[in-house]
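> Sequence and computational prediction follow.
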Amino acid sequence: SKVYSAAIAKTQKIWSAYLDSIMKVGQMQILRRQITNELNYSCRFDSKHLAAALENLNKAILADIEAHYQNPSLPYPKEDNTLLYEITAYLEAAGIHNPLNKIYITTKRLPYFPTVNFLFLISQFPKLQYNRNLGNV
């Protein structure tokens, strides 16, 4: 019985540390999203022509890249072409990007990691509350 109690206490300690890590990452993601929205709003307010030009250039480049993948005989930007890197910097500065799609670091795939995250999420559902005024959990 003492071994079982010690195992439960250790498991709860691990889940608690895991919850803290997940909460920190979630808060950072929310902050990144808010900063991007503020940058985008400021860019549209201060220079709507710049924002529109950047959006149209981005759509045109993406359409060309998509067309290349549909038909490989069409041109694709070369490796030494700095257009993609430069336009990315402008889009990020103007808040015209999705910060949640950006990958900063990569790791090797961990077996059963999605399953562990799913089980963790299920275990945390009873603690969540929906607030209609905020529109989030």
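Alright, I've got the coordinates. Numbering: from 1, shown residues only.
> next one: the helix or strand where I14 lies to chain centre, how far?
For I14, the element it lies in under DSSP states H and E is helix 2-46. Centroid separation for helix 2-46 versus its chain: 13 Å, with CA atoms, centre = their mean, to the nearest Å.
> so what secondary structure elements neighbour that helix?
Helices and strands touching helix 2-46, by 3 or more CB pairs under 8 Å, 6 or more residues apart in numbering; DSSP states H and E, are helix 48-70, helix 113-124. Heads up, the C-betas are built off the backbone N, CA and C, glycines and all.
> Show me which residues of the following helix or strand past the first one are buried.
For helix 48-70, the following helix or strand on the C-terminal side (DSSP H and E) is helix 83-93. Taking 16 or more other CB atoms under 10 Å as the basis for neighbour counts, the residues of helix 83-93 that come out buried are L91.
> helices and strands around helix 83-93, which ones?
helix 48-70.
> how far off helix 2-46 does the helix it packs on point, in degrees?
Between helix 48-70 and helix 2-46, the angle comes out at 120 degrees (axes from the mean of the first three to the mean of the last three CA atoms, to 10 degrees).
> how near is the nearest residue to R32 once chain neighbours are set aside to Q27?
Leaving aside its chain neighbours, R32 sits nearest to P99 (4.2 Å; criterion: CB to CB, 6 or more residues apart in numbering). Remark: distance between P99 and Q27 (CB to CB, to the nearest Å) = 14 Å.
> So the two - more neighbours on which side?
Between P99 and Q27, counted using other CB atoms under 10 Å, the more crowded position is P99 (17 against 10).
> Now do the contacts for that one.
Going by CB atoms under 8 Å, 6 or more residues apart in numbering, P99 touches 29, 32-33, 35-36.
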